[in-house]
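Peer 1: dropping a prediction and its sequence here:
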Amino acid sequence: MRTLQHWRFRPVVLSYPVLLVLSAVAGVLLYMVPPAAGEEGAHGLPLTHVADIPLPGRATRLDYESYDPARHLLFIAHLGDGEVIAFDVGASGVIARIAGVSSVHGVLAIPELSRVFASASGTDEIVAIDEATLKIVARMPGGRYPDGMAYAPEVHKLYVSDETGNTETVIDVRSNQRVATIPLGGEVGNTQYDPRSQHIFVNVQTRNELNEIDPAVDRIVARFGLPGAEHNHGLLIDSQDRLAFIACQGNDKLLVFDMEARRIIQSFGIGRDPDVLAFDPAPGTLYVAGEAGIVSMFSVRGANIKKIGEGRLGPNAHVVAIDQATHHSFFALKDVGGSPVLRIMSSQ
């Protein structure tokens, strides 16, 4: 374990292949740790604890995660430490700490570009990271308090929620330049891309609205009121089933929005202060992770949606990412026994 800490915390001095070998060895050791730490939180959830893997840095807030399945890399925003952690899922170890991303909130891997974009709310920037070198390659204006992000591939544009700036920042990823700012008229929640319509959808959480943006013209083309919503922050689009899932922090509700009928069709109570949503399409499983550490899980079969479990997974378990190949879920926890931890669960 001392060897693991030694190589993890050094500046970039070892080659990538050497790091993979070392992290693979470390992963074997870590998987031998008894799963007692995970047993505290899986009550009521159809999940099995796989491992708790220590993360580097201080026990400070961790935020969004994004997974690149081609490279088997999970990127984790360590907000409190101002860095992005690159975690190799296959080798079960951290391979890089990318510093200089002040108060990083959002992180989005775009495999076809070999890029990761991170929203640095401390400096109101969007930071571009090269996936091959794990180095910062560009910085762009990100509005005011940039948070969630979505990518529209047809127009090569990144859309960024400027949470307190009441706008959506648009960045051309080919030039790494801001090309538009779209006023939304209220505090902005999460932003998502819908491959079917090729449009961007944005929560406007102080208006209890879902806004639709056409990337071809970078204008709002529709505003949808959300009956039953209070501070709609989290957002996930299930394009195949033509559904949007909206997590409301003000009243702890999950709303189901029919994207064809353009209306709310269902509402569920969920854990307190919901934040990040993730979807595993093959089994049709939706995860909603909340600030109180409660995770709610749903089965999605077209319009047939039902809750299949809810329970406390771990302290501050408000962010989740999914490996669709293994059906493992990844929860970055800021403080387990005084240190940050990546808690890995399996639905199989």
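Peer 2: Ah, there it is.
Peer 1: can we go C-alpha only for contacts and neighbour counts from here?
Peer 2: Will do.
Peer 1: surely residue 343 is in contact with residue 53?
Peer 2: Yes. Counting by C-alpha atoms under 8 Å, residue 343 touches residue 53, with 6.5 Å between them.
Peer 1: and these two? which has more neighbours close in?
Peer 2: Between residue 343 and residue 53, counting by other C-alpha atoms under 10 Å, residue 343 is the more crowded of the two (25 against 20).
Peer 1: for that one, which non-adjacent residue is spatially closest?
Peer 2: The spatial neighbour of residue 343 that comes closest, neighbours along the chain excluded (C-alpha to C-alpha, 6 or more residues apart in numbering), is residue 52 at 4.6 Å.
Peer 1: what are the ranges of the helices in the chain?
Peer 2: Counting by DSSP state H, the chain has helices at residues 2-9, 16-31, 36-39.
Peer 1: could you check how far residue 95 is from residue 122?
Peer 2: Distance, residue 95 to residue 122, by C-alpha to C-alpha, to the nearest Å: 24 Å.
Peer 1: by mean pLDDT, flag the weakest helix or strand of the chain.
Peer 2: Sorted by mean pLDDT, DSSP states H and E, the helices and strands of the chain end with helix 2-9, the least confident at a mean of 29.
Peer 1: report the beta-bridge partners for the residue nearest to residue 223 when sequence neighbours are not counted.
Peer 2: Residue nearest to residue 223 in three dimensions, not counting chain neighbours: residue 211, with 4.5 Å by C-alpha to C-alpha, 6+ apart. Beta-bridge partners recorded for residue 211 (DSSP bridges): residue 202, residue 223.
Peer 1: next one: residue 235
Peer 2: Assessed by DSSP bridges, residue 235 has beta-bridge partners residue 246.
Peer 1: mean pLDDT for the helices of the chain: which is lowest?
Peer 2: Lowest mean pLDDT within the helices of the chain: helix 2-9, a mean of 29.
Peer 1: before we move on, the earlier item: residues near the residue nearest to residue 223, how many?
Peer 2: 18.
Peer 1: could you measure from it over to residue 128?
Peer 2: 26 Å.
Peer 1: again, but for residue 78
Peer 2: Counting by C-alpha to C-alpha, the separation of residue 78 from residue 128 is 16 Å.
Peer 1: more neighbours, the two?
Peer 2: Of the pair residue 78 and residue 128, residue 78 is the one with more neighbours under other C-alpha under 10 Å, namely 34 against 24.
Peer 1: looking at strand pairing, list the partners for the more buried one.
Peer 2: residue 83.
Peer 1: quick check: it touching residue 104?
Peer 2: Yes. Assessed by C-alpha under 8 Å, residue 78 is found in contact with residue 104 at 6.5 Å.
Peer 1: common neighbours of those two, please.
Peer 2: Listed as contacting both residue 78 and residue 104 by C-alpha atoms under 8 Å, 6 or more residues apart in numbering are 63, 84.
Peer 1: show me what contacts the closest residue to residue 204 other than its chain neighbours?
Peer 2: Once flanking residues are discounted, residue 204 sits nearest to residue 188: 4.6 Å by C-alpha to C-alpha, 6+ apart. Remark: with contacts taken as C-alpha under 8 Å, 6+ apart, residue 188 is in contact with 161-168, 202-206, 233.
Peer 1: how about 7 Å then?
Peer 2: Contacts for residue 188 (C-alpha atoms under 7 Å, 6 or more residues apart in numbering) come out as 161, 162, 163, 164, 166, 203, 204, 205.
Peer 1: give me the buried entries from those residues.
Peer 2: Buried members of those, counted by 16 or more other C-alpha atoms under 10 Å: 161, 162, 163, 166, 203, 204, 205.
Peer 1: what separation do you get for residue 78 and residue 100?
Peer 2: Distance of residue 78 to residue 100, computed by C-alpha to C-alpha: 11 Å.
Peer 1: so how many other residues sit close to residue 267?
Peer 2: Neighbours of residue 267 under the rule other C-alpha under 10 Å: 17.
Peer 1: isn't it right next to residue 252, touching?
Peer 2: No. Residue 267 is not in contact with residue 252 according to C-alpha atoms under 7 Å; the separation is 10.3 Å.
Peer 1: which residue ranges of the stretch 1-150 of the chain form strands?
Peer 2: Taking DSSP state E, counting those that start in this stretch, the strands of the stretch 1-150 of the chain run over residues 48-54, 65-68, 73-78, 83-88, 93-99, 104-110, 115-120, 125-130, 135-141, 146-152.
Peer 1: no wait, the stretch 151-300 of the chain
Peer 2: For the stretch 151-300 of the chain, the strands defined by DSSP E, counting those that start in this stretch occupy 157-162, 167-172, 177-183, 188-194, 199-204, 209-214, 219-225, 232-238, 243-248, 253-258, 263-269, 274-280, 285-290, 294-301.
Peer 1: for residue 311, find the nearest of those.
Peer 2: strand 294-301 (5.3 Å; C-alpha to C-alpha).
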